[in-house]
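Pasting the sequence and the predicted coordinates here, then a few questions.
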Amino acid sequence: MKIFPTLLRLIGPALLLVGGTAQARAPISKSVVATPALWQVKDADTTIWLFGTVHVMKPDIDWFGGRVKKAFDGSDQLVLEIIEPDDPQALSATMAQMAIAKDGVKLSDRLTPEARTTYQAAMEANGLPWQTFDMFNPWMSGMALSVAPLEKLGYKSDIGAEKILRAAAQDAGKKVDALETVEQQVGFFAGLPMDQQVQFLNATVDGLPEMETEFASLLRYWQAGQPDKLAKSMNESLEATPELAQVLLTGRNANWAKWIKARLDQPGTVFVAVGAGHLAGKGSVQDQLKALGIATRRVKE
């Protein structure tokens, strides 16, 4: 289960909303040209592009070019997982209310003595006050710990793929929509049974020592357009946490596939950008579309 927190970086942009506040940086020279994977769903009068995103990035990755940029430029509409609100402070307050433990049990008291010691040390090491988080349910700390270490390693949310795509769409006057609301996405975590929340938190803590190496590997696979290798890396986590995978990944993929099938009834060109983990491996959006009788085609240069 150690890869679970890094997997979340590929499937859940809502995680960014409980992380630190990454500040905008001055542009610097790009040094790595990436060729991430792209798929197409098409009928007589509708084209839907499927692009897997990474929600945090380092500034030396040049990915918005080639076939991806061409497909985006030719689209009338951008569809993301969520649209981040203009007032993040108001949203943070809403999330905090969703996270407060209604039964009054302190988060630390839900953990075994050994897990509690490791968890509290991890929170302190990442500048997160575990005492403050004691009022919350475990998913909140799990989300925070899935973000903070990557920010310390130099990954930035303000240059993540969604931010770049949304800004480009707004500049071009394209319509921007979302598959889910922020509240829905956070609700997937908040609605987990308590034992699964504790499992999620413990898996996140256990995975912290390997997070840098594992996320760097996943990012390399994404840059190279190798979703098969990305899926192989994901399998351990998905098999070890089937209930979490169903709620956070495959169940949502099925819903999105139904949306895509319905969208084919409307003419136009749509660029759909969701976390790369949703477009890789068993139960992916492509698999769900196939089950609905809809073919997807991998697009290459």
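That came in fine, so what should we check first? Please read all numbers here as calculations on a predicted model, not as lab measurements.

V33 pairs with what?
D62 (DSSP bridges).

so who does it touch?
Neighbouring residues of V33 by C-beta atoms under 8 Å, 6 or more residues apart in numbering: 62-63, 65. C-beta here means a position set from N, CA and C on the backbone, and glycine is covered the same way.

Which parts of the stretch 1-150 of the chain are strands?
Secondary structure of the stretch 1-150 of the chain (DSSP state E, counting those that start in this stretch): strands at 32-33, 38-42, 46-53, 61-62, 77-80.

What strands line up against the third one, and which way round?
What that stands for is strand 46-53. Strand partners for strand 46-53, identified by DSSP bridges, are recorded as strand 38-42 (antiparallel), strand 268-275 (parallel).

among those strands, which is the most enclosed?
Mean neighbour count (mean count of other C-beta atoms under 10 Å) peaks for strand 268-275 among the strands paired with strand 46-53, with a mean of 22.

can you map out the helices along the stretch 151-300 of the chain?
161-172, 182-190, 194-223, 227-240, 242-245, 251-263, 285-291 (DSSP state H, counting those that start in this stretch).

Now distance to Q97 and mean pLDDT too, for the strands of the stretch 1-150 of the chain, in CSV please.
Output for the strands of the stretch 1-150 of the chain, formatted as CSV (distance: least, C-beta to C-beta, whole Å; pLDDT from 0 to 100):
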stretch, distance to Q97, mean pLDDT
strand 32-33, 41, 88
strand 38-42, 38, 98
strand 46-53, 28, 97
strand 61-62, 36, 92
strand 77-80, 24, 98
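
now those strands as CSV including distance to I100?
CSV is the format used below for those (distance: least, C-beta to C-beta, whole Å):
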stretch, distance to I100
strand 32-33, 42
strand 38-42, 40
strand 46-53, 31
strand 61-62, 37
strand 77-80, 28
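
What number of residues are in the vicinity of the residue lying closest to F136 once chain neighbours are set aside?
Excluding its sequence neighbours, the residue lying closest to F136 (C-beta to C-beta, 6 or more residues apart in numbering) is A99, at 4.2 Å. Here the number of neighbours of A99 (other C-beta atoms under 10 Å) works out to 21.

From S233, how far out is I48?
Distance, I48 to S233, by C-beta to C-beta, to the nearest Å: 27 Å.

Who has more neighbours out of those two?
In terms of neighbours (other C-beta under 10 Å), I48 is the more surrounded of I48 and S233; the figures are 25 against 19.

Just give the nearest non-adjacent residue to that one, would you?
V41 (4.3 Å).

next one: A178
Spatial nearest neighbour of A178, chain neighbours left out: I83 (4.6 Å); criterion: C-beta to C-beta, 6+ apart.

Looking at the one you found now. What's its pLDDT?
We have a pLDDT of 89 for I83.

on that earlier part again, and the strands paired with strand 46-53 as JSON lines, adding distance to G281?
As requested, these are exported to JSON lines (distance: least, C-beta to C-beta, whole Å):
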{"stretch": "strand 38-42", "distance to G281": "14"}
{"stretch": "strand 268-275", "distance to G281": "12"}
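
Those strands: which one's closest to M57?
Across the strands paired with strand 46-53, M57 has its closest neighbour in strand 268-275 (13.0 Å, C-beta to C-beta).

so the closest one versus helix 161-172, what angle?
Compare the direction of strand 268-275 with that of helix 161-172 by axes from the mean of the first three to the mean of the last three C-alpha atoms, to 10 degrees and you get 150 degrees.

hang on, the earlier thing: now the contacts of V33: which count as buried?
Neighbour counting by 16 or more other C-beta atoms under 10 Å classes W63 among the contacts of V33 as buried.

ok, now which ones touch D265?
D265 sits next to T46 when contact means C-beta under 8 Å, 6+ apart.

same deal with Y119?
For Y119, the contacting residues are 108, 111, 130, 141, 201-202, 205, by C-beta under 8 Å, 6+ apart.

Of the strands of the stretch 1-150 of the chain, which is nearest V299?
Comparison of the strands of the stretch 1-150 of the chain against V299 by C-beta to C-beta identifies strand 38-42 as nearest, at 4.7 Å.
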